[in-house]
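*Asks:* Any chance you could fold what I've pasted below:
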Amino acid sequence: MGLALAAVLPAAAQTTAVPAPATGDSSLTIFIRGVEVGRMQSTVSHPDTSWVISSTGRFGDIVLNRLEIKYDGDWQPTSLRVEATQLQKRLVLLTSFGLTTAVNEISQDGATTSKTDQISARTIVLPNNFYAGYEALAARLAGAAPGTELPLYVPPQGEVKAVVKDVGEESIQTPAGVTALRIYTLIVHNVGADVEATVGVDSRNRFARLEIKAAALSVIRSDLAGVAARRQTTRNPTDTDVTIPATGFNIAGTLTVPKQEGRLRHPVVVLVGGAGAVDRDETVADIPIFGQLAGALADRGFMVLRYDKRGVGQSGGRVETVTLQDYADDAIAIVKWLARRDDVDPRRIAVLGYGQGGAAALLAAAREKKIASLVLVAANGSSGADLVLEQQRHQLDLMKTSDADRQAKIDLQQRVQTAVLTAKGWEGIPEDVRKQADTPWFKSLLEYDPAKIMPRVSQPILIVQGDLDTQVPPHHAEQLAELARQRKKAPPVEAVHLPGVNHLLVKATTGEADEYPTLANRQIAPDVATTIADWLRR
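*Replies:* Alright, predicted model coming up:
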């Protein structure tokens, strides 16, 4: 898969000088819908005054035996050679370039055909499915501004025009350090439909990443694609990365300290992440919820620790068998590690659970008395089983399905949940549904019931709820508060509702998930950190 392009009118040639990319080798990993489907080796060399891009590798059932693209010193293509096999059938593509022509000879399964295309001067050659060609695109994009037009030629299909829509920045943290990327969002004007693609270019002007969402395609340089690599979506001035020993693996996190000097021991807030394979910044819809919250709480005098969930980012452990109790174990290990630090006040360690992290935080607080106080943000007050059904009903309401279809989907969900909890009744349930649902984590979520855990929790509790939260609606805050107030000895409980705030803790209009990508405000509401800090001080 790649940019499925058809010929259009040639684009105007770029005439500005092109920064020279670094020469050398790299490895590319190809993913379709998150599943690895191939790897390719890429080499950029600069013999004499020319540029040569070469590659070998595999993509699905295609084996690339040789790719070589030659450009002159001004990035005018001069020749292309592709030798590949697919299902034991040999393909050879030879292309020679004039200033405005490309002459292709295609040999496939013993037959040879030719095709001549009109192209733009200094077009960028991108053979379909063979991604080393994006090294030339990366070099040409280096320094490009929004509005820049570039011609792209996919031999032997034709040429199209790409326009730079936006330019951003991103950092990827790996065990070897932090790699800074410039992220170029391109609109490729195909005949019939435009395609949006993002291309990452590193500081050496080398190709680092391609994403085409419409094709569910990602191509990532292998040093940035490993399990230990993570997007560094935000970085606070006082952030320090730490490694915390857990049971059989390490947890990777970031410690944010207050800017004030002179205090020997700080109160601490541990941030426990929500649903899914989220990293320490709890990035949802490109909003680093925990990264922003950590900075805001540090500005108010608290040390804050956020961390990659086990099996995510740079944390060890496996996700296949993980349960809510395991996530609680990880939070406890972090609390104990913090309590031993000389710069931490061990009597003032708070744990904040966000979303489904609220369940892990509540379980941890029921077992670990070193946790001094508990903050539950957008956490469910009903059982996990009831929450899942509530969320499904809400989505069905948005879809405006017929009553019969709605009831059929609800019935199926109830059958699935019963089968997960009892290990019986899978007959007639689609295999793909079972594969997704029949996991230790989902079972632990369905079994989780705060009404059973809350009586064992003796810490003071703050409950923070956005009133535009449609994933965990506001009534859950009152359910949690009522459960907390029924505890023996009546530890302090406070529930705070934040008007106009959605599940991402951001000011919103509807609060629905489909609004997340279009939110104008990408910062968490100031009331969130203020409410938490004021309550913890009290």
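*Asks:* residue ranges with poor pLDDT in the stretch 101-250 of the chain?
*Replies:* Low-confidence regions of the stretch 101-250 of the chain, defined here as pLDDT under 70, cover residues 227-228.
*Asks:* Any idea how far stretch 81-93 is from the middle of the chain?
*Replies:* Offset of stretch 81-93 from its chain centre (Cα atoms, centre = their mean, to the nearest Å): 35 Å.
*Asks:* contacts for that stretch?
*Replies:* 61-68, 80, 94-95, 104-109, 127, 130, 155-156 (Cβ atoms under 8 Å, 6 or more residues apart in numbering). No exception for glycine: its C-beta is placed from N, CA and C like everyone else's.
*Asks:* which among these end up buried?
*Replies:* Applying a neighbour-count criterion of 16 or more other Cβ atoms under 10 Å, the buried members of these are V63, L64, L67, L80, L94, T95, N104, I106, P127, F130, P155, P156.
*Asks:* Of those residues, which is the nearest to V464?
*Replies:* Nearest to V464 among those is F130, at 50.6 Å by Cβ to Cβ.
*Asks:* Show the backbone phi and psi for that closest one.
*Replies:* Here is the backbone geometry of F130 (degrees, to the nearest 10): phi -120, psi 100.
*Asks:* And it, how far from A136?
*Replies:* The gap separating F130 from A136 is 12 Å, by Cβ to Cβ, to the nearest Å.
*Asks:* Where does the nearest residue to Y131 once chain neighbours are set aside fall, secondary structure wise?
*Replies:* In space, Y131 comes closest to V219 once its chain neighbours are excluded; the distance is 4.8 Å by Cβ to Cβ, 6 or more residues apart in numbering. Using DSSP states H and E, V219 maps to strand 217-221.
*Asks:* Now do the helix-or-strand element of the chain with minimal mean pLDDT: which elements does it pack against?
*Replies:* Taking mean pLDDT, DSSP states H and E as the measure, strand 230-232 is the helix or strand of the chain with the lowest mean score, a mean of 72. In terms of contact count using 3 or more Cβ pairs under 8 Å, 6 or more residues apart in numbering; DSSP states H and E, strand 230-232 is assigned the packing partners strand 158-174.
*Asks:* And the strand it packs on, what's buried?
*Replies:* Buried residues in strand 158-174, defined by neighbour count with 16+ other Cβ under 10 Å: G158, E159, V160, K161, A162, V163, V164, V167, E170, I172, Q173, T174.
*Asks:* what's the strand holding V219 packed up against?
*Replies:* Strand 217-221 packs on strand 24-32, strand 207-212, going by 3+ Cβ pairs under 8 Å, 6+ apart.
*Asks:* Indicate which one of those is closest to A225.
*Replies:* Across the helices and strands packed on strand 217-221, A225 has its closest neighbour in strand 24-32 (4.5 Å, Cβ to Cβ).
*Asks:* what's the next secondary structure element after that closest one?
*Replies:* Using DSSP H and E, the helix or strand that follows strand 24-32 in sequence is strand 35-45.
*Asks:* Tell me the strands beside the helix or strand following that following strand, with direction?
*Replies:* Sequence order places strand 51-59 as the next helix or strand after strand 35-45, per DSSP H and E. Strand partners for strand 51-59, identified by DSSP bridges, are recorded as strand 35-45 (antiparallel), strand 62-71 (antiparallel).
*Asks:* Which one, of these, ends up nearest to G274?
*Replies:* Each of the strands paired with strand 51-59 was scored for nearness to G274 using Cβ to Cβ, and the closest is strand 35-45 (24.4 Å).
*Asks:* can you list the residues that contact that closest one?
*Replies:* So strand 35-45 is contacted by 21-31, 51-60, 62, 64, 130-132, 135, 206-207, 222 (Cβ under 8 Å, 6+ apart).
*Asks:* returning to that earlier point: just the buried residues of the least confident helix or strand of the chain, please?
*Replies:* When burial is assessed from 16+ other Cβ under 10 Å, strand 230-232 yields the following buried residues: R230, R231, Q232.
*Asks:* Pretty sure the second one sits against E170.
*Replies:* Yes - at 6.3 Å, R231 and E170 qualify as touching, with contact defined as Cβ atoms under 8 Å.
*Asks:* Can you tell me which of the buried residues of strand 230-232 is closest to I334?
*Replies:* Comparing these against I334 with Cβ to Cβ picks out R230 as the nearest, at 17.7 Å.
*Asks:* bridging residues for that closest one?
*Replies:* Listed beta-bridge partners, R230: Q173 (assigned using DSSP bridges).
*Asks:* Quick check: the gap between it and Y448.
*Replies:* With the distance defined as Cβ to Cβ, R230 ends up 27 Å from Y448.
*Asks:* do the same with I524
*Replies:* Summarising the geometry, the distance separating I524 from Y448, computed by Cβ to Cβ, is 26 Å.
*Asks:* And K89, by the same measure?
*Replies:* To Y448, K89 is 54 Å away according to Cβ to Cβ.
*Asks:* and these two? which has more neighbours close in?
*Replies:* Comparing K89 with Y448 by other Cβ atoms under 10 Å, the one with more neighbours is Y448, at 24 against 10.
*Asks:* Which two of the buried residues of strand 158-174 have the greatest separation?
*Replies:* Farthest pair in the buried residues of strand 158-174 (Cβ to Cβ) is G158 and Q173. Separation: 39.9 Å.
*Asks:* which parts of stretch 521-535 are buried?
*Replies:* Going by neighbour count (16+ other Cβ under 10 Å), the buried part of stretch 521-535 is I524, A525, D527, V528, A529, T531, I532, A533, W535.
*Asks:* May I see these arranged in a markdown table, with pLDDT as well?
*Replies:* Formatted as a markdown table, the entries for the buried residues of stretch 521-535 read as follows, by pLDDT from 0 to 100:
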| residue | pLDDT |
| --- | --- |
| I524 | 96 |
| A525 | 96 |
| D527 | 96 |
| V528 | 98 |
| A529 | 97 |
| T531 | 98 |
| I532 | 98 |
| A533 | 97 |
| W535 | 97 |
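*Asks:* Which ones among those map onto strands?
*Replies:* When strands are assigned by DSSP state E, not one member of the buried residues of stretch 521-535 lies inside them.
*Asks:* Can you flag which of those belong to helices?
*Replies:* Counting by DSSP state H, the part of the buried residues of stretch 521-535 found in helices is D527, V528, A529, T531, I532, A533, W535.
*Asks:* any idea which of these is closest to E482?
*Replies:* Out of these, the one with the shortest distance to E482 is W535. That distance is 18.5 Å, counting by Cβ to Cβ.
*Asks:* hmm, back to that, got JSON lines for the buried ones among the contacts of stretch 81-93, with distance to L352 too?
*Replies:* JSON lines is the format used below for these (distance: Cβ to Cβ, whole Å):
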{"residue": "V63", "distance to L352": "51"}
{"residue": "L64", "distance to L352": "49"}
{"residue": "L67", "distance to L352": "51"}
{"residue": "L80", "distance to L352": "56"}
{"residue": "L94", "distance to L352": "62"}
{"residue": "T95", "distance to L352": "58"}
{"residue": "N104", "distance to L352": "60"}
{"residue": "I106", "distance to L352": "60"}
{"residue": "P127", "distance to L352": "50"}
{"residue": "F130", "distance to L352": "47"}
{"residue": "P155", "distance to L352": "55"}
{"residue": "P156", "distance to L352": "58"}
